[in-house]
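A.B. asks: Just a sequence and a predicted model for now, questions to come.
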2 protein chains.
Amino acid sequence: MAYKILIADDEPMLTGVLAERLESDGYTVYVAGDSGAVLDRLGLRPDLILLDINMPGMDGLELCRSIRDTVSCPIIFLTARIREQDKIRGLQAGGDDYITKPFSLAELSARVEAHLRRDERQKRNTNLVSSHGLIVDLAGRRVLWEGREIRFSRREYEIVEFLVMNQNQIFDRERMYELIWGLDAEGDSRVVKEHIRKIRNKLLEVTGREFIETIWGMGYRWKK
Amino acid sequence: MAYKILIADDEPMLTGVLAERLESDGYTVYVAGDSGAVLDRLGLRPDLILLDINMPGMDGLELCRSIRDTVSCPIIFLTARIREQDKIRGLQAGGDDYITKPFSLAELSARVEAHLRRDERQKRNTNLVSSHGLIVDLAGRRVLWEGREIRFSRREYEIVEFLVMNQNQIFDRERMYELIWGLDAEGDSRVVKEHIRKIRNKLLEVTGREFIETIWGMGYRWKK
DNA sequence: CGGAAAAGTCAAGAAACGGTCAAGGAACGG
DNA sequence: CCGTTCCTTGACCGTTTCTTGACTTTTCCG
C-alpha cells in the first residue's frame, strides 16, 4: 500500500514539483490549496502532511493545531521563515519537523521517508481496533473474527477500516467515495454500494451478524 | 481537567511504579487491587483503565466484560501472556489494547496517551445539540428522545436540524425551501408544509410534545 | 358574520434510492 | 504472456421518500 501524503500549499508551481517527485517516490499525493481544503482532506487519513506555514485563510500554526485534533500523522512545515523562535512555535503547535525554503527535493524526500519510517514503527504494535468481537488489525490490514481472518480485498478492507474508525458517523456514498478513493469525485460513487454488498456478504457468512447499517437517504454507518 | 486512570493490578511494586510515572505525566491515578475494588471504582468514571489480566477474584476477561457493561473508556490489558490467541480473546472481551510484561514505562505512557487522544477525538466528533430533552446527533444525523431514536427521513432530518440550529429565528416556507433544498428555488415550496406535518406527527407521537410553532403569516420556528 | 388568505390534511403518482446480478476491463502475480 | 483476482459499470427491480393537487380547517380583519 502506498503511503498517502497531503501537500498543503497554495503555490501551484511548488506543489506541482513536489507532487511529481513524491509520486515518483511511490507515494500517493493529494494537494490542498487552502485551510478549508486541508481540513476536508483529513478524512483521507494521510500518512504525512507537508504544510506551508503561510496559507490563505487560517494561520499556519492555527491550522496545524486543528489538524492535530483530527489526525496524528507526522506534520512537516514548509516555510521561508528561519528564526529559531518560529521553529519552536511550530513544534509546539504539533508539528514534527521543519524544512525551510528553498530546499532540495532530495532533502525533502529523505525527511519524508524518515518520518514515515518512524511513524510506522511506532504504530506497528498498537493498532488493533475491535468492534463487537470483530478485530481490525490496522497494521496488518486484515480483519479477524474468533481468531480467523476474514479475507477482504484492498477496497473492501479500506471501507471496513474507514467505517470502524468513524463509528458514530454516517456517510453517503458520495462522501465515502471522496474520502476513501481520494480522487476528486472522478468516476462513479456507485462502486461503493457494490463493495458494501460484498463486505456484508462476507461478514454475514462468517459471523452471522450485520455490521453495516443503511440509513435510507443518508448513507451507511457501522453499527454501534 | 486531568484525565483519570484506573490501574487494576495486585502487585504493589508494579502499581507503584506505574502510578508514579502516570502522575508525573499529569494524570490522576487510582489503584484497585482486586476485581471488587475495580468495579467499585468505576463510579469515578475513569478515562482509561489498565487491567492486569491475572487478578485475584474474577478472571480478567470476565472482569473486562463487566467493566464494559458500565463504562466505555479504553481498556489496556497488562499481561505476561503473549500468545496471539490471548490477544484476540482480550480484544473480544472488550479490551482496546494489550501490553505484555515486561514493558517500558515510555511505551506504556505512549500508548496511554494514544488511546486517550483517540477517545477524545471520537467524543468530539460526536456533535450533539439538545433542546427540551430532544437530542440531535449531527454526526449520526439522527434524533433521540430519552435514548431512543426517532426515525426521520433525510429531508425531515434536515429540516429538524435546520430549525434546531436556528432556534430563535422564524422562517417562512419560501426561505426554508431555498436554504435547505439549496439555491435554485425550482419547484414548489409547498413541500415544506407537508414535511413539517410529518415531523410534527412523529415528534408528537413519541414525545407527546410540540416542538415547532407556527407564527401566522410569518413562518415556522423551533419552540424555545 | 363572511370572505379571503394562510395553514393543515390526505392520498396517490413520480422520483430517488438501495440491493442485486452479470459482465467487461484493469491490475496483479507468476 | 497468461490466468486470476479485483474493480467498475450498467441494468433491473422493489421500496421508501418526495412532491403534487385537491380539499378542509383555522385565522385574520372589515
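C.D. replies: Okay, I see it. Treat the numbers as computed from the prediction; the structure is a model and nothing was measured.

A.B. asks: show me where chain A has helices.
C.D. replies: Under the criterion DSSP state H, helices of chain A are mapped to A:12-24, A:35-41, A:60-70, A:84-92, A:105-126, A:154-165, A:173-176, A:190-207.

A.B. asks: give me the residue from chain A nearest DNA strand C.
C.D. replies: A:Thr214 (3.8 Å; C-beta to the nearest atom of the strand). Just so you know, the C-beta spots here come from the backbone N, C-alpha and C atoms, and that holds for glycine as well.

A.B. asks: Mind checking which residue lies nearest the centre of chain A?
C.D. replies: A:Arg45 (1.2 Å; C-alpha atoms, centre = their mean).

A.B. asks: looking at chain A, which helix or strand does the model trust least?
C.D. replies: helix A:84-92 (a mean of 62; mean pLDDT, DSSP states H and E).

A.B. asks: Check what pLDDT the residue nearest to the centre of chain A gets.
C.D. replies: You'll see A:Arg45 listed with a pLDDT of 79.

A.B. asks: what does A:Thr126 give?
C.D. replies: pLDDT at A:Thr126 comes out at 53.

A.B. asks: what about the residue nearest to the centre of chain A, distance to A:Ile215?
C.D. replies: To A:Ile215, A:Arg45 is 23 Å away according to C-beta to C-beta, to the nearest Å.

A.B. asks: Over to A:Gly133?
C.D. replies: From A:Gly133 to A:Ile215 the distance is 23 Å (C-beta to C-beta).

A.B. asks: swap in A:Leu14?
C.D. replies: Taken as C-beta to C-beta, the span from A:Leu14 to A:Ile215 is 42 Å.

A.B. asks: Which of these two has more residues huddled nearby?
C.D. replies: The residue with more neighbours, out of A:Leu14 and A:Ile215, is A:Ile215; 19 against 16, by other C-beta atoms under 10 Å in any protein chain shown.

A.B. asks: any idea how far the more buried one is from A:Arg221?
C.D. replies: 6 Å.

A.B. asks: I'd like to know how many residues surround A:His115.
C.D. replies: For A:His115, using other C-beta under 10 Å, the count is 18.

A.B. asks: my read: it touches A:Leu48, true?
C.D. replies: Yes: if you go by C-beta atoms under 8 Å, A:His115 and A:Leu48 touch, sitting 5.9 Å apart.

A.B. asks: Please enumerate the shared neighbours of the two.
C.D. replies: A:Pro74, A:Ile76 (C-beta atoms under 8 Å, 6 or more residues apart in numbering or on different chains).

A.B. asks: For whichever residue of chain A sits closest to chain B, give me phi and psi.
C.D. replies: Distances between chain A and chain B by C-beta to the nearest C-beta are smallest at A:Gly217, namely 3.5 Å. Dihedral angles of A:Gly217 (phi, psi; degrees, to the nearest 10) stand at phi 80, psi -10.

A.B. asks: Kindly reformat the helices of chain A as a markdown table containing distance to DNA strand C.
C.D. replies: Formatted as a markdown table, the helices of chain A follow (distance: least, C-beta to the nearest atom of the strand, whole Å):
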| stretch | distance to DNA strand C |
| --- | --- |
| helix A:12-24 | 14 |
| helix A:35-41 | 21 |
| helix A:60-70 | 26 |
| helix A:84-92 | 36 |
| helix A:105-126 | 19 |
| helix A:154-165 | 8 |
| helix A:173-176 | 6 |
| helix A:190-207 | 4 |
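
A.B. asks: and of these, who's closest to B:Asn201?
C.D. replies: helix A:173-176 (29.5 Å; C-beta to C-beta).

A.B. asks: which other helices and strands contact the closest one?
C.D. replies: Where contact means 3 or more C-beta pairs under 8 Å, 6 or more residues apart in numbering or on different chains; DSSP states H and E, helix A:173-176 is packed against helix A:190-207, strand A:219-222.

A.B. asks: Give me whichever of these is most buried.
C.D. replies: For these, the largest average neighbour count (mean count of other C-beta atoms under 10 Å in any protein chain shown) is found in strand A:219-222, namely a mean of 21.

A.B. asks: what's the overlap in contacts for A:Ile215 and A:Arg221?
C.D. replies: Joint contacts of A:Ile215 and A:Arg221 (C-beta under 8 Å, 6+ apart) are A:Ile170.
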